[in-house]
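1. predicted model and sequence below, questions to follow.
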Amino acid sequence: MHRRSVPRLRTLQTRSYAVSAPSRPPLSGLTAAARSRAEKISSEWQGTSATGGNTKNFIGGEFVESKASDWIDVVDPASQTLLTRVPETTGTEFDQAVSAASEAFKTWSRSTVLTRQRFVMELQHLLRKHEDAIASSIVLEQGKTYPDAKGDLLRGLQVVETCTGIPTALLGNHIEVTKDMDTSNRRLPLGVCASIAPFNFPAMIPLWSIPMAVATGNTLIVKPSERDPGAAMIIAELCQRAGLPPGVVNVVHGTVPTVNRICDDPLIKAISFVGGDRAGKHIYERGRKTGKRVQANLGAKNHAVVMPDANKNQALNSLLGAAFGAAGQRCMAISVAILVGNAREWLPELAERAKKLKVGQGFDKDADFGPVISPAAKSRIEGLIASAEEQGGKIVLDGRGHQVSGLPDGNWVGPTIIEATTDMRCYQEEIFGPALVVLTAETLDEALAIINSNRYGNGTAIFTQSGATARKFEVEVEVGQVGINVPIPVPLPMFSWSGNKASFLGDIPFYGSGGIDFYTQNKTTTALWKAEDAIGNKASVDMPTHH
Ligand code: NAD
């Protein structure tokens, strides 16, 4: 298919994520457990490497080596060992991916809904079967612990499982609007769609889009995070093994130039973005300019309110898990605790418990959480902790300068607790690390006022034993996802994601019925077939006379 030349685009300045791997023999920096997993991944999967080779693009059903001149290093955040390199995909390769997706759309969009359902069922089976490979790739590239990496996949798998009900989800409406005249509607795919993912959930976020887009009859271009592309490549290979025709799912890598090509390409009809505010606003505005449908999940500052009547043990343990799990690099991590009234007396115990959390490499069975993603992230987090000190906050537990034995080059930040006020930078900015900001309030109303003045609206939680208190909180808090004695209230995919305020741009949310709406457009048909025009239903054996 002929593709027009893409004009040269003005790009935002690319951030430099690459960290030059220290000069030592390949893989020598990895722990033994990490090394054996890295070798297994490289030998078993076509699209990715964890032993220093290149990550490929997946275009038109082929894993292809890019001809890019710019490559980005992907390193183990626990040791800076080079695992793979991802290409800054060239314009020609990007056009090939869009052409492949456009071509595939012609037949995939007309495939039967049962064909698409069978693909989703097969994919869910293969994802479960290869859980170890996907989770291992996540541990190596992203740094989270192995059980947490399995959770990353599982939350994506739940979207896949929900999509096995696609025939029912796509049922249209039909009514006789007047005598012998019917109106019916069909839910039709949009065309070529794109999914742009962040580093913190390398399996879950691509799986928010792949099954939804494909089951509704679209084709897709996935742009994984350039920092941890491995899980998406394994998932792409599993799509192929599950029988998905070439070109229905494609993967291209890169940073701002690739993202801008997605925004500008007129053949791409919709973009699903998850990531930070800066990229999200840019993609939303640029994508909308070419008439695309865009859904963008952005940053967060999630508050947990601890009431004095809470079950103390449950509240403190929930805070620890939600603030420090995944090294605080979850968009639904609790990053602010508001201790109400006498609950402020629990702060020393919270700090004591947090101190006992073990930071370590993700395959270490005792590790509670791993390193943060990059040296740049580590210094940004440590800078925000320092700013709190300068602005009069109290560092109750200080995770700066944390070391893990045998892994001196890891991006380690230990559990950190900061007593602060709302005017401080550590409260105003998203820290995205294992640092919990603690505020105090006299009353629930005061806590609600703090939360409702915050610009973000991703998640919030309250810990209380009072139904009335919980009810008041649930009704009055202006945040899209509310937990009552539940610290990370991410809805399962029979619901849709419902972050709000500055945590979301767009009109139609991810997955659930929102996901079906996002990836489809309605067509209505109104048809008149007069019953009186029906010819007799009995065969005539008389000589036709045409009278
Ligand atoms: P990020 O915004 O740096 O990157 C996300 C994607 O955008 C990547 O694929 C990247 O290549 C691309 N990108 C980065 N900068 C860009 C730019 N200037 N122009 C165009 N594209 C750009 O995000 P991240 O650091 O990978 O992920 C962490 C962020 O994602 C946090 O802010 C977190 O809250 C957010 N997040 C939100 C949700 C949610 O559902 N609300 C879920 C996960 C992560």
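-> In hand now; what should we look at?

2. and stretch 322-342 with the ligand, contact?
-> Yes: for stretch 322-342, a contact with the ligand is found by Cβ under 6 Å from any ligand atom, at Cys331. (Each C-beta comes from the backbone N, C-alpha and C, glycine too.)

3. end-to-end on that stretch?
-> Criterion Cα to Cα, to the nearest Å; first-to-last residue distance in stretch 322-342 is 22 Å.

4. 45 is where my numbering starts, stick with that
-> Noted, 45 is the first residue going forward, which turns the last one into stretch 366-386.

5. return the set of buried residues in it.
-> Neighbour-count burial for stretch 366-386, counted by 16 or more other Cβ atoms under 10 Å, picks out 366-385.

6. which ones among the residues you listed are found in helices?
-> Under the assignment DSSP state H, the buried residues of stretch 366-386 contribute Ala366, Ala367, Phe368 to helices.

7. could I get the strand or helix carrying Val519 in PDB with only the CA atoms?
-> Assigned by DSSP states H and E, Val519 belongs to helix 511-520. Once non-C-alpha atoms are left out, helix 511-520 reads as follows in PDB (Å, rounded to 0.1, in the frame of the first residue of the first chain):
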ATOM      1  CA  GLY A 511     -20.200   2.900  58.200                       C
ATOM      2  CA  ALA A 512     -21.500   6.500  58.600                       C
ATOM      3  CA  THR A 513     -18.000   7.900  58.300                       C
ATOM      4  CA  ALA A 514     -17.200   5.800  55.300                       C
ATOM      5  CA  ARG A 515     -20.500   6.800  53.700                       C
ATOM      6  CA  LYS A 516     -19.800  10.600  54.200                       C
ATOM      7  CA  PHE A 517     -16.300  10.100  52.800                       C
ATOM      8  CA  GLU A 518     -17.500   8.200  49.800                       C
ATOM      9  CA  VAL A 519     -20.200  10.800  48.900                       C
ATOM     10  CA  GLU A 520     -18.100  13.900  49.500                       C
END
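
8. next, the buried residues of that helix.
-> Using 16+ other Cβ under 10 Å as the test for burial, helix 511-520 gives Thr513, Ala514, Lys516, Phe517.

9. and stretch 109-117, by the same measure?
-> Buried, per 16+ other Cβ under 10 Å, within stretch 109-117: Ser110, Ala112, Asp114, Trp115, Ile116, Asp117.

10. so how many other residues sit close to Gln447?
-> 11 (other Cβ atoms under 10 Å).

11. surely it and Trp456 touch.
-> Yes: distance between Gln447 and Trp456: 6.4 Å, which falls inside the contact criterion (Cβ atoms under 8 Å).

12. residues from the stretch 245-394 of the chain in reach of the ligand?
-> For the stretch 245-394 of the chain, the contact set with the ligand under Cβ under 6 Å from any ligand atom comprises 245, 267, 269-270, 299-300, 303, 318-320, 322-323, 326-327, 341-344, 375.

13. if we can go back for a sec, max pairwise distance over the buried residues of helix 511-520: which two?
-> Across the buried residues of helix 511-520, the longest distance by Cβ to Cβ is 7.4 Å; it joins Ala514 and Lys516.

14. the helices in the stretch 45-194 of the chain, which residues?
-> Along the stretch 45-194 of the chain, the segments classed as helices by DSSP state H, counting those that start in this stretch run 76-88, 135-152, 157-173, 175-186, 190-207.

15. try the stretch 245-394 of the chain
-> Secondary structure of the stretch 245-394 of the chain (DSSP H, counting those that start in this stretch): helices located at 248-259, 274-285, 300-308, 321-333, 356-368, 391-399.

16. out of these, deepest packed?
-> Comparing those by mean neighbour count (mean count of other Cβ atoms under 10 Å), helix 248-259 ranks first with a mean of 28.
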